[in-house]
Structure formats: C-alpha cells, structure tokens
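Colleague: Dropping a prediction and its sequence here:
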Amino acid sequence: MSALPLNRVDTTLASAGTGKTTTLVGQLTRFLDAGIVPDRILATTFTKKAAEELVERARAHLIDQGRSEDAIALLGARMGTVNAVCGRLVEDFAFDLGRPPGGEVVPDDSAALLFATAADDTLTRFAPALNALAERLGLSDQDTDWRVLVRRVIELARANGIDPTDLNRSADRSCDSLLALLPEADPDLSDAVLDAALREAVREAREALDGRSLKGEGAKAASAVKVAAGLFDRGELPPWSLWAKLSKPNTSKADAPFFIDVARAAAAHPRHPRLRGDLDQFIRLVFDCAARATAAFQAYKAERGLLDFTDQEALALEILRRPETQERLRENIAVVLIDEVQDASPLQVAIFSELARIATHSVWVGDPKQAIYGFRNTDANLTLAAARGIAAGTGGSSTVLSKSWRSRPGICAFVNDAFLPAFERMGLPEEASRFTDCVGDAADLSRPPLTVWHANGKTKADRSASLAGGIAAALADPSRWPVRSGSDRVARDLRASDIAVLCRGNADVEDLASALTERGVRVAVERGDLFATPEVELAMAALRWTADPGDRLSLAELVRLVGGEDEPRGWLEALGADDPDAALRAALPFASTLADLRERQLGMTPCEIVDAVILSTGVVDLACRWGHAAARLKALEAFRGVACSYEGECARLRLPATLGGLVAWLRDRKVPCPRSDEDAVQVMTYHKAKGLEWPVVVLAQLENGPRSRLFAPVVEVEGTLDWRTPLAGRWIRFWPWPYGAQAAGVHLDAAAAASAIGRHAHREARDEAVRLLYVGATRARDHLVLARNAKTAAWLGVLDTSEDPRIILPMHEGRPVVAGGVEHPARFELLAIPTEPIAGKPGDATFLGIARPRTERGPLRLRPSGSVDPTINTAIASISLGARLPLSGEPEMDLLGQAVHAFLAVDRAEVSPEHRRSQAARVLERWRVAGHLDPRDLLEAADRLWSFLALRFPGARLRREVPVHAAAGSQAIVGRIDLLVDWGDGFAIIDHKSFPGRADLWERRAIGAAPQLATYARAVATVTEAACAGLFVHMPLVGSIVEVGARDTPIAPPNLVVGIDGSSKSDTATEAAI
C-alpha cells in the first residue's frame, strides 16, 4: 500500500432516481469553473454510455459559457469506464512498467476463449483426477463443472488482489472449515466396512423387491436400490448423492420395511472416510489447478502483448503505488470523480483509494442500496464501509440526494415504509435511504400507484400464463393504466413499451416471454439461443457442409429445412437411397452453389463466406417465407456479427482465420437472440433493469426467497473489514456440495447453515435480496405491480426485522398494501389461468414460394491475383538480368519473397550505397531471413532492375506500390501494382515474383501471373488514356524478367471507371540507372 495519506474525498449517496448524473455533471462543471484545466480531471463511470453523457453535458456547459477551447480539451480528459481510464494509465506509463506501449486489450466476450486456449495443457493435466472426483461428488452440471469452478476461483483471486501463490492458503482454510462440519470418522468403520454394509443391504433389498410393483415414492426408492446394486455388481462405487438418497427413503409405512437396512447403512455417509478424502482432494486440486492455470494464462498473454481488463486494473494499481510515478501523476491529476462506487470490485476500490492519495480532491458518487452485482466480484460490505467512512476520515463532505425525480409519491412512500428498517439493519442510517420529496402526480393520474396481482397456478407454466393474461388484459383496457408522458407529465393511455416485467433469472424471462407471445402480446426480449432458430440453423448447416463435403448430417439438415412442410420426409427418403450423398445433393436446390463456394474459399475471408452462404443460397428468401420476417432477418444479421467477430478473435490470438476454424469456434458459442421488438413489453432480469425506468413495472417471482452462495467459491475477509486497506486479509472459501440434487436431510446442510460461516452467508444473501428488490421497486415511474402466486411471496420476507411481516399484501379487492404498519391504497386483481383462444394472436403466416430462376453473379470484389484470361497466354520475351542470387540454408520462401518485395518498394538508387546496404540488411532482419540472403546480393538484384528499366524506358517515372480500385459494372477490382512505369502517353507494369525454380519453369510461372497484370493494365489505360507498352514479371532471385501478354493483340481498356488512389513516390528510370 502507498505511504501517501488520503486527500479529501467528498461522497454523494444518491438514492434511485434522484438525479445522480445531473449532480455529477454539476460537480464536474464546478471544478472546471474553479479553474481546473480539463486534462487534469479524471472521471470514471461503469458504462460507456454514462461516460459519453457526462462528457457531453459538461462540454455543453462550457460552450454555453463561451469556453469552446476548454470544451475541446475535455475530449482529451481521462474520462471513461474504469477499464478505459486504467488502460490509459497503463499506456502512459508503459515504459515505467517495462512493457511496450500499445498492447492489445482483450474484450470480456473473448476472455473465455483466450483462457481456454492458454490454460488447455494445464486443464488437461488435471482433468483425469478432477473428472473422477466430480463424478463421485455429483459436480457435473453447468454451474458446478470443475472447469467453471476453476475459472471462478481465478476470477475471484484476480478481482481481489490474491496472488496465485497464496491460493494454497485458501485451499487449507476451505478444507479445514468444511471438514469440521462433518462428524469425526470412526476408526473402526473404514471405507471397506461401510461400503460392504451398503453393498449387502442393497443386494438384499433388491432380492426382496424382486417381482413387487411399488408406486409413488416407493417406486423411486426401489429404483435407487437397483441402481446402487448394479453399480456394486460392476465393481463401481455409488456417488455420494446416491448414498444420501438411499439414506432417506420417503415411502409409505407398508413399503418402509424393504428399505430400513439400506437407509441405516447409507446413513453413515457423513462420517465416511472416503467422503472426507474426496472433498479434501477436490478442493485442493481445484485451487492448485487455478494457480497453475493463472500462471499459464498470464504467460500466454505476456508473450503476445495482450491485456485483459483485470490486467489493466492490476497494472494501474501498481503505477499508482510506485513512488517514482506518483509525483508525475500529481502533476497530471488534480481532481477525481468516481461514479457508481457501489459496483466496484475490491481491486477497483483499491485503485480509487490510491487515486485519492494522488488527487487533491476526489468525489465518490453511488448508492449502497443498489449494490447487486456480487456475482460480478463486487463487495457490497466494502463499498458500504467506504461510503460511510471515507468522507469523515478525510475531512470531506457527505451529501444525500433524496428527492425522487422518477416515481410518484405513493411509490416513494411505499418504498420508504417497506425498506428503511432493512437498510438500517445493514448499517445505512434512515437519512441515507429515505425519499424526502418526489415529483407530483399528474392532474388526471388518479389510479393508485400500487397494484397486487395474484397469479394462480400450481406449476410455473400456469403462473406464467396467468401473469401474461394480466398483462394482456391491461393492454386491452389501457385507460385503466394512465401514465405520464413528456416533460409536462401529461397523462395518456398505456402502451406496450411502457411495461417492464422483471424476473429472477434468464429461464424465467424466457418462460414469461413465451407465455406473453401465446397471449398475442409483443415482447422485447433477448430470448432463446440464436443458434437454435431455424434460419440460423439453416445458415450454420450450409456453412458446415461448405467446410466439409463429407458432413452428411449437415447436408440432411439442409434438405429437411429447405423441404419444410411440403416435403417433410424428403431428407429421410434420400438417406435411404443407394447413394445417400448424391440423393441429398439432388434434393438441395443450392448444392452446386455451396460446392462452388467451397472451391473458392481459400480466396475469401470467413466473413465473406458467411455473407455468401446467406445471400447466394436463398437463405434470406426461405427465412422470410417462414413468417416473422423482421425477427428472422435480425437473427441472421446477429449471426453475421457473431461469425465476423471470429476474425477479430483470430487477430488477437495471432491465429489464421479459416472456414474450418470458424465452424469449430461457433460450435460451442451460446448467444441470445436479439431483442425482437423494441415497441413491446420489456421482459428482463432484475439485474439488467438497474439504471433503467418504465411507467409500469411488474415485479415477478416474488415467491422466490434469497439463495446463499454457501456452496460456491466466495471471498471471505479475515478479521475486521477496513475500507482503508481494501485488499487486506482476503481469501477464497470453496465448499463443494457433494450430494447433487439431494439438498436437505444429509447432515451437511444443517451443519453448514448453523455454522458461523453459514449464518454469515445467509445474512449476505438476505441483504443482497433486499437490495435487488429495492432496485426492482424503484424502476417504476407511475405504477408498481407486485405479482405473487396465491400461496406465498417469500421474497418479501427479507424485509422483515421482527416477528411480524413487514409487508402484508391484500387477498381481495378493497384492501390496501400494508408496509411497516402503514396502509397504502392499492388495486387487487386475481389472475386466472387463460383457457380461451386469443382472437388477436398473430399466427405463422403461410408464404407461397414463387419459383424463379436464380441469377448467378460473380463475387463483389475481383482480385486481379485471381483473374483468368485465356487470351493472355504468351511469354513474349525472356530477358536475363544476371546470375542467380546465392541462397544459404533453407529459407521460408514466403518470408524471403516478402523481404525482397519490401526492399524493392523502398529502395532508391540515388542514395548512398552504404545507406542502401544498411536498409537492405534491416529489411532482411525484419523478415527473419537475414541468414539466407546477403544484403549485397539483394542490392545487386535491385540494381539490375533499375538498369533494365533505364535502358528500356528512358526518362520514365517509377511509381511503387500503387493501390488500384476500379468499378467494373456491378463489381470492383481491388489490388496493388508492384511497380508502374509511366512516361505520359504510355506505361508498363512490373510484378515481382521471388520464384527460385528451374529455368524451364520461369516462363510458365510468368504466364500464370499474366492475367493479373492485364487486369491492372486495363484499369490504368482507362483512367490515363495511355497505351500499355508491356507487362513484365520480374524474378529477382533467378536474375530474369519475362514480358508476357497476347501476341499481336493490344490490351484494350474495358468500360471501367477507375481510380488509382494513394500517394506514390516516383523517380525516373534514367535517374535510377547505375
């Protein structure tokens, strides 16, 4: 930690909707008005949009004051997201860190793939042991897969400043604290004794149950017995989840005798020595794997000059703590403004604290009541402690924003009465949480702001259907839900886009969105897997078959999707043919198009191939004929974006981008569908709703209570939490749950919950649930709907601070919502499960496929290097320039050719020989071929060419590396001429080919390049109206130049509009002669 003291820090506690951004802009402009120059201000926000808004509003203030120069200077200030500001610090002080400037930053959505690539060898070494342990411990689902756990441990360690070498300490403490919850093992009951007891019991139970037909829970218990007996028969051991299940058969009295001995033997699982050993070994291996994978990950990035966001933050913290950089930073940074402090990770809090030691004045703005991103490595307790203590500890001021500019008085009053005691329990005083004022109601906004919906239904699907019915009914009678509109807040009727429904998880979002769609309600939601939509399935199948013609499954999928309802069994009949592949190709209208695309793939980028697959095969037409055309086109566009991001990923990883690589990369991608309709009901999670607002907000899934992260990797703090040293005393606790879906009645559940760590985890989960509920309730502007099922609203129980419930919801119309003993007027509706069909429900329209001939078109871009012209087929003359250049060793000819090409592009004969030799040496060194070709020989090759041109075209200008872009009808010619020889009314084109082959192959190689040169010649002839006097292929390594063309046939310019762009240095051939 730095030895510098903390300078003044002012804090602003801003409740939801109280004008935090306006206040932050005001603070920024006050600093500017006080004479602080813009480039000495550092400001961080947590989104790019917020940063842009902050800058633009501050610039508008400066422009209004006539300070246009300061407004321009503000564009260069250190303002942006935390990562952007940290990245700039790292860039500015790269040399101090011993790093090269300009390191590439890996975006978050690419970090997972980068980690998987970097840590692959490490994960592979640990896989056998961890796979076996995970199978016994039942850790195999998406959230508890050991690879996910390793990655989570790494994320927590990096976000909390825990060195990988210290993870063994976390492993020790995790093992000790978890195993202390299990009963002591009986030395007389070894693994073998306990296993034998259960083996004997399940075999006897299986024999007793043979031929009997049990029902209900008895049948389930009997099935578990048979599974366990089968495992023992095969010499395998039952997983611990099966031990737990066998220990508590929930059978009828009549069936109970069959399972008594099994239950007694299985009930020994908590004291089983192997359980303790499995848990201990699994925890230690996860931490060991995490430490080694972190080292591999960091080394991989360092070798390639890559940084991820956490690297930027860690390096920024190092810069801020270095005495030698602190003085320079104090000269550059006078004021620091931090927005959304409550969303900071401990590492970021440490950065903010160090900035407070650098800047003379800091302002921290946030709302501890909205700290809901614990799963993103934030620490609500730390940010709360900092918010409460840093102003007083540094002599700063503390301001509370308590007037809601968003919600109606009735909503603000309800929030006050419902939440204040829970926030006081967390340590927030009432004055930091209470709304003291709010905007008034519109004159004709007479309906109560609170509504309670009772959603009927025993199943989750029924409750989603009834909730969807309530929303559909509200939209059918919009006058009953007046909302405010515009700056004058005039009331108007409800619209679909005024409603937001907040759900606990992504699965809940998808279920409710489907239910709303069934009721005919348009929904704006990122719903479902993009790659599961039919249109993207079709495009993906076409892409896979293009990459691999032997992929019969993809070919059959194409035929099935294209056939549709008209030919539902066409693909199956084709598979039954004598030649299934031929039959499938015959059934696919665009099989030949894909086959042609496969032949051309080496000359195309993966993005171009994706576009060709979508556009040239009729995928767009097919998708539109399936109905919901707008949504399907959005999905295809999203697919293009995902596919094209692969090229950026390859560039970061320094890997070639290929079609096969793209197919493999897409195989494991999980991408949500794009929001289908913005002018519709918004459905999203509570977490995603933070920072947003709507006229009507429906709080769904109130029946779901808090869920602690007791059996997941979490960060614990040793000793007392101190905001002054935010990274001190941190360690990672990881208790794996060994019983799979068996969540209760297994000893460990009760022992863990009753422990000090368990009680702390429960409080943490309860407090986070309070904050999440607060975020949901404060999104509402005009109407807040509490949607509960008919039996429970367990989530509201987190607000209780005594034996009496804090909130009492009405059970029928005419009764208020009671919060803290205060009655709040409310509407009540009992939502039935819809059964009748919806007349207005949009069905899938049937589109007729109109047969029309497909127009075959060439590629958009014509690359001269790929040109074919059978008329340009003659080597007119082969001219010797000198002897073959001597090569040493076995150079990579591609690199050697690039080096020769590069030197011929920069060489100038008029400069001194010493400079030219030095330049040649540098070029060869840069292309890593210095040991294979002597610089003097490279200079000799250049001199030969300049001498030839001086004799053949005296007085001509030489234009090197001339970019050409030509429009040829609906196509474009794009390329670059190596050397254009120009003398006004005529020109010649030279192309360099570093071909080292035999003399009898020279002319054949030159003729192969002739169409490329002819394409360039036609373009140049059109724009210059000059005649082409020759096309030459220069082979510097073998000392030859070959003139090519069509004998006795001039190169006629086509109907082209050509531009030769870019600046080209020129000299004369006469001057170039030696």
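Modeller: It's in. Residues are numbered from 1 along each chain as shown.

Colleague: partners of Trp731 in the sheet?
Modeller: Glu716 (DSSP bridges).

Colleague: my guess is it meets Val714, correct?
Modeller: No. Counting by Cβ atoms under 8 Å, Trp731 does not reach Val714; the two are 10.1 Å apart. In short, each C-beta sits where N, CA and C put it, glycine included.

Colleague: Give the rounded mean pLDDT of stretch 12-26.
Modeller: The average pLDDT within stretch 12-26 is 90.

Colleague: Stretch 163-182 too?
Modeller: For stretch 163-182, the per-residue pLDDT averages 97.

Colleague: Buried residues of it, list them for me.
Modeller: For stretch 163-182, the neighbour count (16 or more other Cβ atoms under 10 Å) marks 164, 167, 170-171, 173-175, 177-179, 181-182 as buried.

Colleague: Mind picking the two most distant members of the residues you listed?
Modeller: Pro164 and Leu182 (28.7 Å; Cβ to Cβ).

Colleague: How confident was the prediction at the residue lying closest to Val105 once chain neighbours are set aside?
Modeller: Excluding the flanking residues, the one nearest Val105 by Cβ to Cβ, 6 or more residues apart in numbering is Leu307, at 5.4 Å. For Leu307, the model assigns a pLDDT of 91.

Colleague: just the one 10 residues further on next, same as before
Modeller: Leu317 carries a pLDDT value of 96.

Colleague: before we move on, what about the one 4 residues further on?
Modeller: At Arg321, the predicted lDDT confidence score is 94.

Colleague: In this structure the residue nearest to Val105 contacts Pro107, no?
Modeller: No. Look at Leu307 against Pro107 with Cβ under 8 Å: they stay out of range, at 11.0 Å.

Colleague: of those two, who's got more company?
Modeller: Leu307 (22 against 14; other Cβ atoms under 10 Å).

Colleague: which residues touch that one?
Modeller: For Leu307, the contact set (Cβ atoms under 8 Å, 6 or more residues apart in numbering) comprises 87, 90, 103-106, 301, 315.

Colleague: Can you tell me how far it is from Ala111?
Modeller: The gap separating Leu307 from Ala111 is 11 Å, by Cβ to Cβ, to the nearest Å.

Colleague: Show me the strands in the stretch 501-650 of the chain, by range?
Modeller: With DSSP state E, counting those that start in this stretch, the ranges of strands along the stretch 501-650 of the chain come out as 523-524.

Colleague: Extract the residue ranges of it that are flagged as low pLDDT.
Modeller: In the predicted model of the stretch 501-650 of the chain, residues 527-528, 564-569 satisfy pLDDT under 70.

Colleague: hang on, the earlier thing: among the contacts of Leu307, which are located in helices?
Modeller: For the contacts of Leu307, the ones inside helices are 87, 90, 301, 315, with DSSP state H as the criterion.

Colleague: My guess is the first one contacts Asp311. True?
Modeller: No. At 9.5 Å, Gly87 and Asp311 do not qualify as touching, with contact defined as Cβ under 8 Å.

Colleague: Just the pLDDT for Asp1061.
Modeller: We have a pLDDT of 38 for Asp1061.

Colleague: now Arg852
Modeller: Predicted confidence (pLDDT) for Arg852: 48.

Colleague: Repeat that for Thr855.
Modeller: Reported pLDDT for Thr855: 57.

Colleague: can you check Gly35 too?
Modeller: pLDDT at Gly35 comes out at 87.

Colleague: Same question for the one 5 residues further on.
Modeller: Reading off the confidence values, Arg40 has pLDDT 92.

Colleague: With the one 3 residues further on instead?
Modeller: pLDDT for Ala43: 93.

Colleague: quick revisit: what about the buried residues of stretch 163-182, which are in helices?
Modeller: 167, 170-171, 173-175, 177-179.

Colleague: hang on, isn't Arg447 packed against Arg480?
Modeller: Yes. Arg447 sits in contact with Arg480 when judged by Cβ under 8 Å, with a separation of 6.9 Å.

Colleague: The host helix or strand of Arg203 - contacts with which helices or strands?
Modeller: Element membership of Arg203, judged by DSSP states H and E, is helix 191-209. Here helix 191-209 touches helix 217-233, helix 240-246, helix 260-266, going by 3 or more Cβ pairs under 8 Å, 6 or more residues apart in numbering; DSSP states H and E.

Colleague: hmm, 7 Å instead?
Modeller: Counting contacts by 3 or more Cβ pairs under 7 Å, 6 or more residues apart in numbering; DSSP states H and E, helix 191-209 is packed against helix 217-233, helix 260-266.

Colleague: Can you say which of these is nearest to Glu649?
Modeller: helix 217-233 (43.1 Å).

Colleague: Quick check: buried residues in the closest one?
Modeller: So for helix 217-233, counting by 16+ other Cβ under 10 Å, buried means 218, 221-222, 224-225, 228-229, 231-232.

Colleague: Centre of the chain to it, how far?
Modeller: Computed by Cα atoms, centre = their mean, to the nearest Å, the chain-centroid distance of helix 217-233 equals 43 Å.

Colleague: average model confidence for it?
Modeller: Mean per-residue pLDDT for helix 217-233: 93.

Colleague: now it and helix 191-209, what's the angle there?
Modeller: In terms of direction (axes from the mean of the first three to the mean of the last three Cα atoms, to 10 degrees), helix 217-233 departs from helix 191-209 by 130 degrees.

Colleague: Now Val1044. Its backbone dihedrals?
Modeller: phi -120, psi 160 (degrees, to the nearest 10).

Colleague: Quick check: it touching Val1033?
Modeller: Yes. With contact defined as Cβ atoms under 7 Å, Val1044 and Val1033 form a contacting pair (6.1 Å).

Colleague: List the contacts of stretch 562-582.
Modeller: By Cβ atoms under 7 Å, 6 or more residues apart in numbering, the surrounding residues in contact with stretch 562-582 are 552, 555-556, 559-560, 583-584, 587-589, 622.

Colleague: Now, of those residues, which are buried?
Modeller: By 16+ other Cβ under 10 Å, these give 555-556, 559-560, 583-584, 587-588, 622 as buried.

Colleague: Packing partners of the strand or helix carrying Lys49?
Modeller: For Lys49, the host element (DSSP H and E) is helix 48-64. Counting contacts by 3+ Cβ pairs under 7 Å, 6+ apart, helix 48-64 packs against helix 20-33, strand 41-45, helix 68-74, strand 78-81.

Colleague: Fine by me, thanks again.
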